[in-house]
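Undergrad: Build me a model:
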Amino acid sequence: MIHFLELHFVELVTITSIIYLTLATILLLYQTPDTAVYKTFRRSKRLMAGGMMLISLNIWIWIASFTGSWTEYNNWVPCFDIILFYLMGICFSFSLSSLLDPHYISRKRCRTIAVKFTMTAFFALIAMTDALKAYQIPLLLIALIGLLEMLIGHIYYFNKCYLRSNALFENYFSNEKSHFIRWLKVSHWLFYGMLILGVISIRTGALFNWLVQFYVVGMNLYILVNIINYASEYETLMKANCDKTEEEKSGEASSKKAYIETLRPRVTEWIQEKSYLKDQFTIDDLATRLLYTNKTYLSSFIKEEFGMNFSSWIASLRLEEAKKMMSEHPDAKLKDIAYNVGFSSLPYFSSVFAKSEGVTPSAWMKEISRNKER
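TA: Just a heads-up that it's a prediction; the model follows:
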């Protein structure tokens, strides 16, 4: 079995390298709307394709250096792996982070990364020179630390950016939207898993390397499918990232007390009409079309008046209506109740309900039924 895997490993990685090139080509050819909003998305798409091409290049370098013997070890392999892994890290991290933060790729960040990459590549390359052969391992470790520094720094930033995006979505959309960006977080960790496995695979046999190739193919397919699916929601989601307009900025300096007194009766009337039962709307929709204000004003009002963000406030209104329906119609299907009060799905409704009430909707209904029978 092991002999078979060793014998055919070159054929396997040749096929996988072609797969990566194919996936990269699909990404490059995939068309998105030619608008300013999608400019960042198109750049992220190209960076992701570049990362996939680098994975393919890494394979061809390995094939070129492979002697046919799994017991011999080529010292140049870790050198090129560190350099290419760093470049892959730049492509994947820049791509995924840009899809969360359109302003992520700045000149300052690019200059900093370029300097760090040059230093890392320098130590990796001089480690292979005959003059410094005695210091090869320490020099490679320094290069590896450079790679790890970039990755750890990005993990910190990405997590901060991800949490910020979730907070923005919660204060912009009436229904939960975080699942549209969850794939970015998953892809983020899948990529770091690939790097770890790639480092380990340098000193391991054919069986482990076969498994690594299947893992990497699966990771890239997952990213490709999700980035294409994400394209349809990208413009809608990016609205939550919009900067305040000049009108909103100037409006913040106006009399807050007068503004609250004007807005309060409008919000009260809107609640009495149960307009929150509408399936999907944003804080922009509610502010400009219904309450004749702007989202900054409305967001500030909701936070001060009700002590929560927009999404939580809408969810609380819907939950009260849902509990009323559940009490009056104990035989009704939870799915129907969830949709009738404006929740986008039963799982989301159940999650919000359990978080608010401490029990599931079905358990709550059973308790209500038991109380009525007494």
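Undergrad: Residues contacting stretch 17-36, please?
TA: 38, 41-42, 45-46, 48-50, 52-53, 55-56, 59-60, 216-217, 220-221, 224, 227-228, 231, 234-235 (C-beta atoms under 8 Å, 6 or more residues apart in numbering). In this view, the C-beta of every residue, glycine as well, is placed from N, C-alpha and C.
Undergrad: Mean pLDDT per helix and strand in the chain: which one sits at the bottom?
TA: Among the helices and strands of the chain, helix 246-251 carries the lowest confidence by mean pLDDT, DSSP states H and E, at a mean of 45.
Undergrad: per-residue confidence averaged over stretch 367-374?
TA: The predicted model assigns stretch 367-374 a mean pLDDT of 71.
Undergrad: Number the chain from 51, please
TA: Sure, I'll start numbering at 51, so the last one becomes stretch 417-424.
Undergrad: What is the neighbour count of S237?
TA: 21 (other C-beta atoms under 10 Å).
Undergrad: swap in N279?
TA: N279: 11 neighbours (other C-beta under 10 Å).
Undergrad: low-confidence ranges in this structure?
TA: Within the chain, the stretches falling below the threshold (pLDDT under 70) are 121-123, 292-309, 340, 422-424.
Undergrad: Mind checking which residue lies nearest the centre of it?
TA: Among the residues of the chain, the smallest C-alpha distance to the mean C-alpha position (C-alpha atoms, centre = their mean) belongs to L234, namely 2.4 Å.
Undergrad: residues touching that residue, list them.
TA: Going by C-beta under 8 Å, 6+ apart, L234 touches 146, 149-150, 212.
Undergrad: likewise E56?
TA: When contacts are counted by C-beta under 8 Å, 6+ apart, E56 is found next to 120, 255-256.
Undergrad: I'd say L369 and S406 touch.
TA: Yes - under the criterion of C-beta atoms under 8 Å, L369 is in contact with S406, at a separation of 5.6 Å.
Undergrad: Comparing these two, which shows the higher neighbour count?
TA: Between L369 and S406, L369 has the larger neighbour count (other C-beta under 10 Å), namely 19 against 14.
Undergrad: Next, the more buried one: secondary structure please.
TA: State at L369, reduced to three classes by DSSP: H, G, I helix; E, B strand; the rest coil: helix.
Undergrad: what comes up buried for the longest helix seen in the chain?
TA: Counting residues, the longest helix found in the chain (DSSP state H) is helix 186-220. Of the residues in helix 186-220, 186, 189-190, 192-194, 196-197, 200-201, 204, 207-208, 211-212, 215-216, 218-220 count as buried by neighbour count, 16 or more other C-beta atoms under 10 Å.
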